[in-house]
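*Asks:* Coordinates only, no sequence provided:
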């Protein structure tokens, strides 16, 4: 490198003096020489401790789309793999995908004078994969990182970014939205539905101009609570399907720690404005709740983030989440559907093609306190019986599911009596 002095250089060493460094340095020096021959640049090497996930995500996406921004200089090991086989399960079939392999390749972005390589370093005790990032200079590197973050924000609008807390840290995956849920497919009380969607739409309209106009902090949090099966997840899916902004899903586990909390928020802040969904937020381990609250209270930790928390057990939610503005601003109870909503939901399933209006009315009257999940199961039973018998015993099917519902409610009640309920005793459960 020009104007740089180094104590050790592979070309001045033999393998006996520094064997491990020699093996590593030999690979790197050959790569750098190849880049110099191909593009005429004596590249600098960079260590990335903050945006490396985004860099490799974008490289993979650019290769998949055969983008002109990136080209393959060469493969490193002739005996190494150069292509990757994967599969994608969608609603219709299993699709097989063959794509370029990032490992064992040297890739170059000519518009930014940046090169990337993910290489295996072979050692006596095994092998290690190393990320190599090369750039002409600091300015080229900064320009490329800006491209990476913009490119990622643009392409993940069609996906959901899933963060899962694991024993090794935060695992990040990009899942495609295979089933689009329209807003008209969400059955809620009209006023609540209007409030929630209006709040979402205004947050992502014109980069939050509403919040600037009325001097409101550009962050928002809502909590959805209620019994399972009443549409919390469907509502979240409809939001993900209907906004032109990134959506992230954070899966809290027993491995959630102060480190993973900070990592998740650091990652999503790069992609704001976005929606961050935290399902089953009551499962947050007691040992890190104070850290989570402190992150929510941070001056910039939630800027541009619309948080949606969900829980089936609101009695287990830390009251501190709700008692201060800027954490969760509103809580909405997603209740069992009313008589009118049950009617609308079953009509949306086209049940009137099977049942007469009298039979449909009997179903509506017999399903008080049924969740949408239970209504869907009832519809499936009705459709199956009609398909095989060309007639339906509505009274019998409703009575059977009613009995199952009552049995489930009894079991839930007995479990609730046996378990410790309430925030003060919740620590022992997790």
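*Replies:* Cool, got the structure. Since we're looking at a predicted model, the values are computed, not measured. Residues are numbered from 1 along each chain as shown.

*Asks:* can you give me the helices for the protein?
*Replies:* For the chain, helices defined by DSSP state H occupy the ranges 19-39, 52-64, 138-155, 190-203, 209-213, 232-242, 258-269, 289-297, 339-348, 357-366, 372-389, 394-418.

*Asks:* Relative to residue 170, which of the ones you listed is closest?
*Replies:* Across the helices of the chain, residue 170 has its closest neighbour in helix 258-269 (4.6 Å, Cβ to Cβ). Yep, even glycine has a C-beta here, placed from its N, CA and C like the rest.

*Asks:* Now do the closest one: which elements does it pack against?
*Replies:* strand 159-166, strand 169-176, strand 247-251, strand 274-278, helix 289-297, strand 305-311 (3 or more Cβ pairs under 8 Å, 6 or more residues apart in numbering; DSSP states H and E).

*Asks:* how about these in CSV, adding distance to residue 384 and mean pLDDT?
*Replies:* Converted to CSV, the helices and strands packed on helix 258-269 look like this (distance: least, Cβ to Cβ, whole Å; pLDDT from 0 to 100):
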stretch, distance to residue 384, mean pLDDT
strand 159-166, 32, 90
strand 169-176, 31, 85
strand 247-251, 33, 93
strand 274-278, 33, 93
helix 289-297, 45, 86
strand 305-311, 31, 92
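
*Asks:* which stretch among those comes nearest residue 14?
*Replies:* Using Cβ to Cβ, the nearest of the helices and strands packed on helix 258-269 to residue 14 is strand 169-176, at 38.8 Å.

*Asks:* Could you list the paired strands of the closest one along with their orientation?
*Replies:* Sheet pairing for strand 169-176, assigned by DSSP bridges, gives strand 159-166 (antiparallel).

*Asks:* can you list the residues that contact the partner strand?
*Replies:* Strand 159-166 has contacts (Cβ atoms under 8 Å, 6 or more residues apart in numbering) with 170-177, 240, 246-253, 255-257, 260, 264, 267, 271.

*Asks:* Are any of these buried, and if so which?
*Replies:* Listed as buried from these are 170, 172, 240, 246-252, 255-257, 260, 264, 267, 271; burial here means 16 or more other Cβ atoms under 10 Å.

*Asks:* Quick check: which ranges of the stretch 201-350 of the chain have low pLDDT?
*Replies:* 299-301, 318, 320-326 (pLDDT under 70).

*Asks:* returning to what we had before: most packed of the helices of the chain?
*Replies:* helix 232-242 (a mean of 20; mean count of other Cβ atoms under 10 Å).

*Asks:* what's that helix packed up against?
*Replies:* Helices and strands touching helix 232-242, by 3+ Cβ pairs under 8 Å, 6+ apart, are helix 190-203, strand 220-225, strand 274-278, strand 305-311.

*Asks:* what's the angle between the longest one and strand 305-311?
*Replies:* Taking axes from the mean of the first three to the mean of the last three Cα atoms, to 10 degrees, helix 190-203 and strand 305-311 form an angle of 150 degrees between their directions.
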